[in-house]
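Engineer: Here is my input; please provide its structure:
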Amino acid sequence: RACLMWPSVVVAVLALASLSGEAQGELRPADFVDLHIGTGGQGFGVGGDPPGAQFPFGAMRASPDTALDNVAIEFDHFGGYHYGDNEVRCFSHTHMVGPGAIDLGNIGVMAYNALPSSATVTNYGYRSKFSHADEHATPGVYSVYLSSHGINASIAACGTHTAVHRYVAAKGQPLVILFDPAHSLKQKAVRACNVSVSPSSLTVTGMALNSGSLTGRNGMGVYIYFAAKLSGNFSAYGVWDDAHKIHGSGTAANGTAVGAYVQVAGIQVEVAIAISFVSQEQALRNLQAQIGNADFATCQTRAQQVWHEALSQATVAQAADPAFRDVAVQFYTGLYHSFMAPTTYSEAGGVYLGMDNKVHTVQAPSTAYYSDMSLWDVFRTQLPLLAFLRPDNHRDIVNSMIAMYKEGGDLPRWPIANVYANCMINTHGNLVILDAFVKNITGVDYQSAYEGMYLQATQPDRPHVGRGQDLTQYLKYGYVPTETGSKSVSKTLGFAYDDWAVGQLAARLGKHNDSDMFAQRALYYRNTFHPSNQYMCPRNQKGEFKCQLDPSLHAWLYEDDNGYCEGDPEEWRWFVPHDIDGLIALFSSPEDYVKHLTRFFELTDLDASTLLPNPFYWAGNEPGLLEPFQFNAAGRADLTQRFSRDVLKHSYSSKPDGLPGNDDYGAMSAWLVWASLGLYPLPGEPRYILGSPVFPQVTLQLAGGTLNVVAHNASASNVYVTRVQVNGQAVDMARDPFVPHAALSAGGVLEFWMTDTPQFYP
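Structural biologist: Numbering: from 1, shown residues only. Okay, here's the model as predicted:
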């Protein structure tokens, strides 16, 4: 009976340790983070966030990779873990963050209760059942009871590239640690791997060459090296080969499916592990620099403290109030997800492997080099949030993009590790760079950034990232014609947006001829607007519109020649973020624009299953993130307040399926953070749209000072705003329902007065 009670007791102790502050009334931000949010969902509603241990922006994401009765459908496991599963396959150390593609999940480690056989290391024979009742996850630390093996597993992040595992077995039971460098989330993505065991130094080292959905787009893949040091002596050890044959006392194996095992003396062991994208030697340096002699408890404390400091940038005054606790959990979890990525790619000593496959060192004033940037997604919400809350991180992100241009030949579209993955369309990194400039982020070589932007916007053929022949056609016709392939409308609208960004930076750098040229190109979105039906429609080279306003499900899912990227005419009708006033002018009147946009939302079933995309407003994908806030430009801030709160209420929750779609490196989570504050960013513009705040007060610690966002009479039913003041100055909610970045970034008070009645501002 004592053994049966043991796992629950261990997990309960860990939970009590992390919540001891709550028991004493000293709530910390991490107490409100629920790492299971974003780990569930089905189909297009899978959040895909890994719940394991990492530092803010850490490359080490040590997290369980799970399955349901040893079946792991890739679409449900982009982050390795799915809440509906019942088995842990192993713990791996590299993960993407809520992506829409399968990749990484490298260097598997698992605890087992016997020396392995060939069957053990074949098709995850070492996997274990688990229960959510025996699982505990907080920022930086993860633990679970492996019930099939009678082993409690815990992991604490210890740095951006390191973590410490702790395994405790039942009394008298063998404890064996398996190292599986062939493991990956995408089946057979590891093209080569090796492993070495050193009983004298208590270390296991190795490598995996991973060629996943994105990392494989360079034609080779990405090398991930690891170095692990165990805390106990080896009583037995060995390796297995590609045929899964066990070689007892073997110390090295090389192939495509090899691995190693170590039995330790005793029932408890700690495994300190480091990863590197540079070399085996660098993995050892990372291990020494970030862990050294630190044990699990030390790393646990370190991880909890670094996350406490990060999340304490926001203090929700009444987070523990039952009326606000659930939304506070969503808010702080969203903030946590927003700080998971991009990935710190520079390692101990500031070194990183560049886009030219050469080792470089981070240059001041930057303190880190980043990769894994889902730019098509995160430029809209997550990176503007970093620019607002953590401008130094945003500076380093932009400088990393510029380094990619200098070292690899192009600014990135979607970089992962040192690979130009080129996922999605357009070159929306332009908005990230412009956003840094207009928000006065210094320490950036904007001249070099502009050079890279200009080349991509003017040269069809680029080494890695460009617009290709779409650009040639775009310049010839003023739109991308249907003859060039699919997504022509989305590409045209995206090119116009990117051109606006290039032109805006050109103007600020004194390049007025360039600015004028790009300003004209920024208006090309008009060329897809059908004057009769008032939709953005595909056009052929003859100028004929090819509107298909009710595309088939097959056309949407497989993006046949329907003109749109991950959407339909209803959703892309509104995508002119850089010129919403110009979009409104295309309709017969502002009232007509409001009527159609209101219809768009009222036809949306926000409570519908996220298994498939919504044909109207789709909260779970990026093209529509701005749409609830677009009423402000037409003088109807009350409708922005109504619909943004509707989306928060119906499309987000504190459940495992609480995100409306793939989190896409924090894009969805950051949307929730912004909307909860009653603000929304316009990338490339130094102002924010005013919305409907959720909490009575949120205090933000910004680089320029302390900002208090106060909502008088805030409640779930009071979604409308009677008036707004910024530092005592009234905002004209009828004609200018926006707030300048400069008015917030220096600190002060942003006040809203809330009511349950729609307001029609004079």
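Engineer: so what's Ser184 up against?
Structural biologist: Applying Cβ atoms under 8 Å, 6 or more residues apart in numbering to Ser184 gives the contacts 92, 104-106, 190, 208, 210, 212. Where C-beta positions appear, they are placed from N, C-alpha and C, glycine not excepted.
Engineer: Just flag the most distant two among these.
Structural biologist: Pairwise distances across the contacts of Ser184 peak at 12.2 Å for Ser92 and Gly212 (criterion: Cβ to Cβ).
Engineer: joint contacts of those two?
Structural biologist: Residues touching both Ser92 and Gly212 (Cβ under 8 Å, 6+ apart): 104, 184-185.
Engineer: quick check, nearest of those to Ala743?
Structural biologist: Ala743 has its nearest neighbour among the shared contacts of Ser92 and Gly212 in Leu104, at 40.8 Å by Cβ to Cβ.
Engineer: Any chance of a markdown table for the shared contacts of Ser92 and Gly212, columns pLDDT, secondary structure and distance to Met60?
Structural biologist: As requested, the shared contacts of Ser92 and Gly212 are exported to a markdown table (pLDDT from 0 to 100; DSSP: H, G, I helix; E, B strand; the rest coil; distance: Cβ to Cβ, whole Å):
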| residue | pLDDT | secondary structure | distance to Met60 |
| --- | --- | --- | --- |
| Leu104 | 98 | coil | 12 |
| Ser184 | 98 | coil | 16 |
| Leu185 | 98 | coil | 16 |
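Engineer: Check those against Val432 and report the nearest one.
Structural biologist: Proximity of the shared contacts of Ser92 and Gly212 to Val432 (Cβ to Cβ) peaks at Leu104, which lies at 22.7 Å.
Engineer: my read: the closest one touches Gly212, true?
Structural biologist: Yes. Leu104 is in contact with Gly212 according to Cβ atoms under 8 Å; the separation is 6.3 Å.
Engineer: Quick check: the gap between Glu627 and Val195.
Structural biologist: According to Cβ to Cβ, to the nearest Å, Glu627 and Val195 sit 50 Å apart.
Engineer: and which of the shared contacts of Ser92 and Gly212 is nearest to Asp372?
Structural biologist: Leu104 (9.0 Å).
Engineer: which residue packs closest to the closest one, ignoring adjacent ones?
Structural biologist: Among residues not flanking Leu104 along the chain, Thr94 sits closest, at 4.2 Å (Cβ to Cβ, 6 or more residues apart in numbering).
Engineer: Leu104 and Gly212: which is more packed in?
Structural biologist: Counted by other Cβ atoms under 10 Å, Leu104 and Gly212 do not tie: Leu104 has more neighbours, with 32 against 26.
Engineer: Which of the helices or strands spans Leu383?
Structural biologist: Assigned by DSSP states H and E, Leu383 falls within helix 382-389.
Engineer: to the chain's geometric centre, what's the distance from that helix?
Structural biologist: The chain centroid and the centroid of helix 382-389 are separated by 13 Å under Cα atoms, centre = their mean, to the nearest Å.
Engineer: Let's test this: mean pLDDT of the following helix or strand past it, rounded?
Structural biologist: Toward the C-terminal end, the helix or strand that comes next after helix 382-389 (DSSP H and E) is helix 391-408. Averaging pLDDT along helix 391-408 gives 98.
Engineer: what packs against helix 391-408?
Structural biologist: Other helices and strands packing on helix 391-408, by 3 or more Cβ pairs under 8 Å, 6 or more residues apart in numbering; DSSP states H and E, are strand 370-371, helix 382-389, helix 429-438, helix 446-458.
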